[in-house]
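Chemist: could you work out the structure for the sequence below:
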Amino acid sequence: MYLKNPSAKIRTRLARALTFTSAVLLLAMIGAVNANGQSPKWTMTVIDDPSFLAKTTALSLNNSGHVLGRSTDPNGQNSELFIYEPGIGITFLNDVLSSDDATKWYLTGYRVTLNDAGQVAGEGRLRDPFTGIPGSDARPFRLTLPSGSSSVAIVDELDLPTGMTSSYVLDLNDFGEVVGYKSGVPALFWSPPQGLSFIPSANDSVAEEIENSGEIVGRAVVGSGSRAAYWPSHDVQAALIPYIALGAGNVARGVARDMNQNGLIVGQSSAGKSGNSTIYRAMSYNLSSGQLKNLGTLGGNASIAYSVNGMGYIVGLSNTKNSSTAKAFYYTNSTGMVELKTAITNFPTGALLETSEVRINELNQIAVTVTLSDGRTRPALLRPWLP
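Modeler: Residues are numbered from 1 along each chain as shown. Below you'll find the model as predicted:
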């Protein structure tokens, strides 16, 4: 099922080389934008389970096609985290805790992430030792999933900033290093041996994603605005990424959401203003060439890029000319921005692909959330379509 976390830490982008090579071979077979000029297409597998509550969404995706999600009741009061493994099925995280961890933790949260080494990081709730009722504070954790002969997961509670009762996790690399944020302090970094440290940045800055190389992208607070930012490592100052245009109040704003092993960063940038409001556009930035690209929209006035893989495929959300509801897109240099729904060969009749999260991995698989014709929301895994 899952590989154990590597015992030796080899700091190189080659940590993903095998997966990346497999992805290149796969794309050579299917011709993502092939010699006949065909645009890429995907087939959809809707992930469902009798135990799912009314609203079930995809949160994260690793390079094995495993989808991490959350299932929530209609009132948003109760939720369960789960992992879907193709060919195996659903595992609820609270069901694989040891008896001691199950007494202490209730694993939930809205920003939870999954790596390729069998680990999950996010925020959970500590149970009252007398009543067993989960508290309200978001406590950061890193969980190692069962592997080999083990049948239980191991939960590590991550340190909190001094004087604070909660913080938020945003990403986890394959070496177990975690990044996140907490209002009122600089961006956060946790490493297995050292624990918590602050990434050099102003208060309220956010670390969104960490590569296996230790490079980090996110948002750095600068004056009254914020800029998409790149940290070469967790202990140096950020390099600020250019913005498309100043926003409202002549202030630059932006956030970097993801980075691939070729140094391509994606996210969102201020691109102008409309009255007192800032206009935002999905953007990409090439570290090597310094090229900033406005990725456009699906016809509306706002977009954001969430995820990019080693082949340069970008996925994100955009509104359209006739709807303010965000719709998923994919982007390549050859196709430009395309509504993702139009590239799915077996999209369910009457369903909607108006999702809050969209992720792509090195095998060009995509995790999304789909609203079915009966109103239920379910996670889905898109796989490249073989013509």
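
Chemist: quick one: contacts for the nearest residue to Gly263 once chain neighbours are set aside?
Modeler: Among residues not flanking Gly263 along the chain, Leu287 sits closest, at 3.6 Å (CB to CB, 6 or more residues apart in numbering). The C-beta positions use only the backbone N, C-alpha and C, and glycine is treated the same way. The contact partners of Leu287, by CB atoms under 8 Å, 6 or more residues apart in numbering, come to 230, 263-265.

Chemist: phi and psi next, for Leu287.
Modeler: Main-chain torsions, Leu287, degrees, to the nearest 10: phi -60, psi -40.

Chemist: now do the same end-to-end measure for stretch 258-278.
Modeler: 22 Å (CA to CA, to the nearest Å).

Chemist: so for that stretch, what gets flagged as buried?
Modeler: Neighbour counts over stretch 258-278 (16 or more other CB atoms under 10 Å) mark 258-261, 264-271, 273, 278 as buried.

Chemist: same check on stretch 107-114?
Modeler: For stretch 107-114, the neighbour count (16+ other CB under 10 Å) marks 107-109, 111-114 as buried.

Chemist: what sits against the residue nearest to the spatial centre of the chain?
Modeler: Ranked by distance to the mean C-alpha position of the chain (CA atoms, centre = their mean), the top residue is Ser60 at 5.2 Å. Residues near Ser60 by CB under 8 Å, 6+ apart: 67-68, 112-114, 359, 367.

Chemist: just to revisit the earlier point, taking the buried residues of stretch 258-278, tell me the two that lie furthest apart.
Modeler: Spanning the widest gap among these are Gln261 and Lys273, at 35.0 Å by CB to CB.

Chemist: just the helices in this protein please.
Modeler: Applying DSSP state H to the chain gives helices spanning 17-30, 99-104.

Chemist: among these, which gets the worst mean confidence?
Modeler: The minimum mean pLDDT among these belongs to helix 17-30 (a mean of 49).

Chemist: ends of stretch 283-300, how far apart?
Modeler: 15 Å.

Chemist: next, count neighbours for Lys104.
Modeler: The tally of other residues near Lys104 (other CB atoms under 10 Å) stands at 18.

Chemist: please disregard the earlier target; I meant Ser224.
Modeler: Close neighbours of Ser224, defined as other CB under 10 Å, add up to 10.

Chemist: was I right about it contacting Asn250?
Modeler: No - with contacts counted by CB atoms under 8 Å, Ser224 stays clear of Asn250, the gap being 9.9 Å.

Chemist: out of the contacts of Ser60, which one has the weakest pLDDT?
Modeler: Val112 (93).

Chemist: how about the nearest residue to that residue, chain neighbours excluded?
Modeler: Closest to Val112 by CB to CB, 6+ apart is Gly122, at 3.2 Å.

Chemist: residues in contact with that neighbour?
Modeler: When contacts are counted by CB under 8 Å, 6+ apart, Gly122 touches 81, 107, 109, 111-113, 140-141, 169.

Chemist: what does Gly247 give?
Modeler: For Gly247, the contacting residues are 225, 253, 270-273, 278-280, by CB under 8 Å, 6+ apart.

Chemist: just Asp73 next, same as before
Modeler: 53-55, 79.

Chemist: one more: Thr371?
Modeler: Contacts for Thr371 were tallied using CB under 8 Å, 6+ apart; they are 351-354, 377.

Chemist: give me the buried subset of the residues you listed.
Modeler: 351-354, 377.

Chemist: one step back: wait, which of the contacts of Ser60 is closest to Pro146?
Modeler: So of the contacts of Ser60, ranked by how close each gets to Pro146 (CB to CB), first place is Leu114, at 14.2 Å.

Chemist: which residues of the stretch 151-300 of the chain score low on pLDDT?
Modeler: Low-confidence segments of the stretch 151-300 of the chain (pLDDT under 70): none present.

Chemist: so which of the contacts of Leu287 sit within strands?
Modeler: 230, 264-265 (DSSP state E).

Chemist: need the nearest residue in space to Ala153, chain neighbours excluded.
Modeler: Closest to Ala153 by CB to CB, 6+ apart is Val96, at 4.6 Å.
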